[in-house]
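S.K.: pasting the structure only:
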């Protein structure tokens, strides 16, 4: 699938798919969704990062920027491969409308270990050769990631900054000793990543057959407690003990009164430049092996980013610092050719940010929920002001659902006063010319009828769900990333209505 063609799609993270094991996965539930998208003429399935999440279960705070999340593995596929028996796997007694991360881990991880033990004892020579070939192809990140996970387990999940000095500082003798003593644990993670690759390849192949392109998500920053920082310490602003000296976030904005304190260690961009941006090129290469296009999170940060002192309590007190700008994207394209990128350019969008985006012909984002209030870019988010080269959303994973946003009465976490909410609601009703009883479909229609090349709708808005289905509340460390779609929720009525809008506004793909 190519960007720049009039089309539409749905935003739904695989963890939000229905299924019997407490969390969605990339097996049959994902194939079924791809078939449903194709049935209603959708061209894109967009996801959040599919990497293994760290603290707060956030996919934007992962323990690796390269690895796949093992909890997304489908157990039935492992049964078919002969690594598990049917009696090993049962349905879990958990709520079907939320992700129960802890229960899913307690249930799935022992089974994944059992599958690895089965593989180790009776895998065919072809299966073993496939794993070894995968390991060799991905050695630049897989070796460090697998050792990092094994060491993390032996340290009861403690951050790498709390490990013994020789391991923290990656002294060669200590690393070699750890690889020998933890060989089986390390190989377990090779196995998991190989299985993830096999299942993902099958999903992408099926999506390709159906004409559904996959849009991934590349967060600009990585987690402090990650294999990436541990293995590449000279590329980040950390001291000799691993403590962050400068961290990431954004100043107060539409989403948060005190800004967003992300806490990720910032890059030493000059050190990355001297290395030819090899780490970033490898990261893009990995993402584009999995996806047809990627949403580049916090695109503004590549022009300039909000630098917060490591010990600050909030994001309010920081400074803007220049990013790598065009130099990085030039190096990436020289190495990889034309890469399909969507710029998440929300926030303080200066003319320089727009110039950087447009220099590389990268489509930016337009968010309808932000078009009728006090956001500085509000006028640019109104459909009558769109360029064609953009992607329009009713809302993003950081927004409330459209029904929740429209019915909001003002909360302590809201950046909108009651007067702001009233004026915003009046403005949107004037714009769409309805009474707002089905505001989610009003907004979907606005997105589809706009000139934007691509329209992406969060699944929660297709279903008309309220705030309880919100995926993330920025600045909140608990209760996020848990929403799941119930089996059968994407029913025939919704599919038909989406199909009609797709046909009416010329977004049906040529298949």
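M.R.: Received the coordinates, thanks. Note that the structure is a prediction, hence the values are computed from the model and not measured.

S.K.: tell me where the longest helix sits in the protein.
M.R.: The residue-count maximum for a helix in the chain (DSSP state H) belongs to helix 183-210.

S.K.: quick one: mean pLDDT over that one.
M.R.: Taken as a whole, helix 183-210 has an average pLDDT of 98.

S.K.: what helices or strands is it leaning on?
M.R.: In terms of contacts (3 or more C-beta pairs under 8 Å, 6 or more residues apart in numbering; DSSP states H and E), helix 183-210 is packed against helix 28-39, helix 75-80, helix 101-122, helix 125-137, helix 139-154, strand 213-218. No exception for glycine: its C-beta is placed from N, CA and C like everyone else's.

S.K.: out of the ones you listed, which is closest to residue 482?
M.R.: helix 101-122 (7.6 Å; C-beta to C-beta).

S.K.: in that closest one, what counts as buried?
M.R.: Neighbour-count burial for helix 101-122, with 16 or more other C-beta atoms under 10 Å as criterion, is recorded at 101, 103-104, 107-108, 111-112, 115-116, 118-119.

S.K.: closest one of the residues you listed to residue 405?
M.R.: Among these, and counting by C-beta to C-beta, the member closest to residue 405 is residue 101, at 26.0 Å.

S.K.: residue 269 against residue 323, yeah?
M.R.: Yes. Using C-beta atoms under 8 Å, residue 269 is in contact with residue 323, at 6.7 Å.

S.K.: related to what we said a few turns ago, kindly reformat the helices and strands packed on helix 183-210 as JSON lines containing distance to residue 376 and mean pLDDT.
M.R.: Output for the helices and strands packed on helix 183-210, formatted as JSON lines (distance: least, C-beta to C-beta, whole Å; pLDDT from 0 to 100):
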{"stretch": "helix 28-39", "distance to residue 376": "34", "mean pLDDT": "96"}
{"stretch": "helix 75-80", "distance to residue 376": "47", "mean pLDDT": "97"}
{"stretch": "helix 101-122", "distance to residue 376": "36", "mean pLDDT": "96"}
{"stretch": "helix 125-137", "distance to residue 376": "45", "mean pLDDT": "98"}
{"stretch": "helix 139-154", "distance to residue 376": "38", "mean pLDDT": "98"}
{"stretch": "strand 213-218", "distance to residue 376": "24", "mean pLDDT": "98"}
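
S.K.: contacts for stretch 17-28?
M.R.: Stretch 17-28 has contacts (C-beta atoms under 8 Å, 6 or more residues apart in numbering) with 13-16, 29-30, 33, 50, 71-77, 89-92, 94, 96, 99-101, 103-104, 107-108, 196, 199-200, 203, 484-487, 489.

S.K.: of the residues you listed, buried ones?
M.R.: Counted by 16+ other C-beta under 10 Å, the contacts of stretch 17-28 give 13-16, 29-30, 33, 50, 71-77, 89, 92, 94, 99-101, 103-104, 107-108, 196, 199-200, 203, 484-485, 489 as buried.

S.K.: distance check, residue 463 against residue 444.
M.R.: Taking C-beta to C-beta, to the nearest Å as the measure, residue 463 falls 11 Å from residue 444.

S.K.: so which of those two has more stuff around it?
M.R.: Taking neighbours as other C-beta atoms under 10 Å, residue 463 and residue 444 compare with residue 444 leading, 24 against 17.

S.K.: now for the more buried one: which residues touch it?
M.R.: 394, 457, 461-462, 498, 501.

S.K.: which parts of the stretch 201-350 of the chain are helices?
M.R.: Along the stretch 201-350 of the chain, the segments classed as helices by DSSP state H, counting those that start in this stretch run 227-231, 269-274, 278-290, 326-336.

S.K.: taking helix 125-137 as reference, get the angle to the longest one.
M.R.: Helix 278-290 and helix 125-137 meet at an angle of 140 degrees, taking axes from the mean of the first three to the mean of the last three C-alpha atoms, to 10 degrees as the criterion.

S.K.: could you point out which residue ranges in the protein have low pLDDT?
M.R.: 254-255, 411-415, 511 (pLDDT under 70).

S.K.: where along the protein do the strands fall?
M.R.: Applying DSSP state E to the chain gives strands spanning 7-11, 44-46, 213-218, 246-250, 260-265, 293-296, 304-309, 319-322, 341-343, 364-367, 390-393, 454-458.

S.K.: need the winner for burial among the ones you listed.
M.R.: strand 454-458 (a mean of 27; mean count of other C-beta atoms under 10 Å).

S.K.: contacts made by that one with the rest, please.
M.R.: 3, 6-12, 44, 46, 215, 363, 390-397, 401, 444, 447-448, 471, 498, 507.

S.K.: repeat for stretch 426-433
M.R.: Against stretch 426-433 from outside (C-beta under 8 Å, 6+ apart): 371-373, 382, 406, 435-436, 439, 442-443, 445-446.

S.K.: if we use 7 Å, what do you get?
M.R.: 372, 436, 442, 446 (C-beta atoms under 7 Å, 6 or more residues apart in numbering).

S.K.: what's the nearest residue to the second one if we skip its chain neighbours?
M.R.: Using C-beta to C-beta, 6 or more residues apart in numbering and skipping residues adjacent in sequence, the residue nearest residue 436 is residue 429, 5.4 Å away.

S.K.: from residue 495, how far out is that neighbour?
M.R.: 27 Å.

S.K.: likewise for residue 44?
M.R.: Residue 44 is 16 Å from residue 495, by C-beta to C-beta.

S.K.: kindly report the same for residue 357.
M.R.: 34 Å.

S.K.: more crowded one of these two?
M.R.: residue 357 (24 against 17).

S.K.: show me what contacts the more buried one?
M.R.: So residue 357 contacts 299, 343, 345, 364 (C-beta under 7 Å, 6+ apart).

S.K.: now the residues you listed as CSV including distance to residue 64?
M.R.: Formatted as CSV, the contacts of residue 357 follow (distance: C-beta to C-beta, whole Å):
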residue, distance to residue 64
299, 22
343, 24
345, 26
364, 28
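
S.K.: what sits up against stretch 127-139?
M.R.: Under the contact criterion C-beta under 7 Å, 6+ apart, stretch 127-139 has outside partners 119, 142, 190-191, 194, 197.

S.K.: do the same with stretch 105-115
M.R.: 21-22, 70-71, 73, 75, 78, 83-84, 88-89, 92, 188, 192.

S.K.: against residue 149, how distant is the residue in the chain sticking out farthest from the centre?
M.R.: In the chain, counting by C-alpha atoms, centre = their mean, residue 173 sits farthest out from the average C-alpha position, at 36.1 Å. Separation of residue 173 from residue 149 (C-beta to C-beta): 21 Å.
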